[in-house]
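K.L.:
Need a 3D model of the following:
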Amino acid sequence: MTDPRLIKSSVIPSEGNIDDFAVADVNGRPWAVCASRNDVWTWDLIGDEWLERPLDDFDNGSYGIPVYPDFEHMDVTVVDGRVLFAAGGQHQGPGLWDVMSGELLNAPPEFRSCVHALGMVPVGGRITLVAGGPTPEVWVWDPADPGVEAWGPTDDEDAEEQEPRELPGHSDDMSDLALGQVRGRPVVVSGGDSEVLLSDLESDELVHKWSVDGLVHAVALSEVDGRPVALAVTDSGESELRIWDAVGGEPVGHFPTGHTERVSTVAAAVVGARTLAVTGSDDGTARVWDLAEGRQIGAPLAGDEGEVWAVAITPVDGRCVVLTAGRGGVVRVWDPSV
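P.N.:
Predicted structure coming up:
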C-alpha cells in the first residue's frame, strides 16, 4: 500500500546511490543537486527532469600525491544566478565548481584530503567554505578580489595557494557541520566525539561548547518560537535529538529518535508556526519532528531500499515538503502535513 504522504519519487538515471544532495532555488524552481559517486546530477522537482552535470577535471599531475575526485560530502549555494557546487571526501580536499557550466572555480588544495564534513555560505560578499578534516579549516572565494588566492594548483605556476584559517576548538574527528545565521552573524555548528561546538565565522570565536554522552552523528541550525537553536543527533546506546539555545547556550530539550540504527543526517526548518526537523537513518526510514513539542509527527517515512544518507525540508509549488535519498538512488518527496 502506497504511503499517502509520498508525493512523488524519482530514481537517478545513473542508477547509482545518492551519497549526498542539497536543494537550490534556480530561477524560482527547486533543484535537487545530487552527488552519486564522482558524478553530479540535478533533478528539477517541478519539471521532473534529470540532467547530468559534467564538471571540469582538476590536473591530478600537479599534486605531490595522487588526488582523485570524491564527492562524498557536498553543498550548494546560488550567487548571482550561478549554482555553486562544493565537494570533498576521503580522497579529495574541498573543490568548487559552477554546476551550470561545469567550470572548475577552485581546484582542491594540495595535501588536504579526508574531508569529513563540508558546508558553505555567503559572508560579506564572499563565499565562505568550512571543511572538516584532520584540521577543520575555513576557505574563502571571491572572484571580484584578485587578492584572494586560489585554494589549489592553477595554470599560473607562480601563483600562491590560499592559506586557510583554522577553526579553533573544533574536533579533527568532526562528523558533521552546518552553517547559518544567528542574530545576523554567520556561524558554524559541528559535532564530533562527545561534543557539539558553535563558532562565529567572522571572528572565529568559539561561542559555545556542549558536552554530550557518546558520538554526535549529525547537526543542524534553526529556530524554535523565534529563538535560534542548534540541534544534534547523539548516540550513547540510544539515539537522541538534542536542542540548545544558540545564543544563551542553555539546553532547550532532548528526546529519543526511535531509530533502530545510526542517524546519519538531520535537517530543520521553520514551517508556518512550527519548526520541523527530519532525521534520516541507516534503518531505511526518516522521521519528522515538531521541535517545540518534542514529538514525532506521524509514522516513520519508509520506502528506501537501504540507508537514508541525506534529507531536506524545502518549499515546492507553495507547500513545504521533505526530501529523502540514499542507497538505491531514489529521491522521495513527502508531504509532512498529511
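K.L.:
May I ask which helix or strand encompasses P186?
P.N.:
strand 185-191 (DSSP states H and E).
K.L.:
Could you list the paired strands of the next helix-or-strand element following that strand along with their orientation?
P.N.:
On the C-terminal side of strand 185-191, the nearest following helix or strand under DSSP H and E is strand 193-200. The sheet places strand 193-200 alongside strand 185-191 (antiparallel), strand 206-224 (antiparallel), with pairing taken from DSSP bridges.
K.L.:
quick one: average pLDDT of strand 193-200?
P.N.:
Mean per-residue pLDDT for strand 193-200: 93.
K.L.:
got any ranges where the stretch 51-200 of the chain has weak pLDDT?
P.N.:
By pLDDT under 70, the low-scoring segments of the stretch 51-200 of the chain are 60-67, 112-113.
K.L.:
on that earlier part again, would you list the strands paired with strand 193-200 in a markdown table and tack on mean neighbour count and distance to V33?
P.N.:
(C-beta placed from N, C-alpha, C; glycine too.) Below are the strands paired with strand 193-200 laid out as a markdown table (neighbours: other Cβ atoms under 10 Å; distance: least, Cβ to Cβ, whole Å):
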| stretch | mean neighbour count | distance to V33 |
| --- | --- | --- |
| strand 185-191 | 25 | 21 |
| strand 206-224 | 19 | 19 |
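K.L.:
Turn the ones you listed into CSV, columns for distance to G303.
P.N.:
Formatted as CSV, those follow (distance: least, Cβ to Cβ, whole Å):
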stretch, distance to G303
strand 185-191, 27
strand 206-224, 20
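K.L.:
Which residues are in contact with V11?
P.N.:
Contacts were defined as Cβ atoms under 8 Å, 6 or more residues apart in numbering; by that measure V11 touches 328-331.
K.L.:
Okay, and which of those map to strands?
P.N.:
Among the contacts of V11, the ones falling in strands (DSSP state E) are 330-331.
K.L.:
from the contacts of V11, which is closest to L197?
P.N.:
The shortest approach to L197 among the contacts of V11 belongs to V331, at 31.3 Å (Cβ to Cβ).
K.L.:
pLDDT score assigned to the closest one?
P.N.:
According to the model's per-residue confidence, V331 sits at a pLDDT of 96.
K.L.:
So it is in contact with A32, correct?
P.N.:
Yes. The pair V331 / A32 is scored as a contact, 5.6 Å apart, by Cβ atoms under 8 Å.
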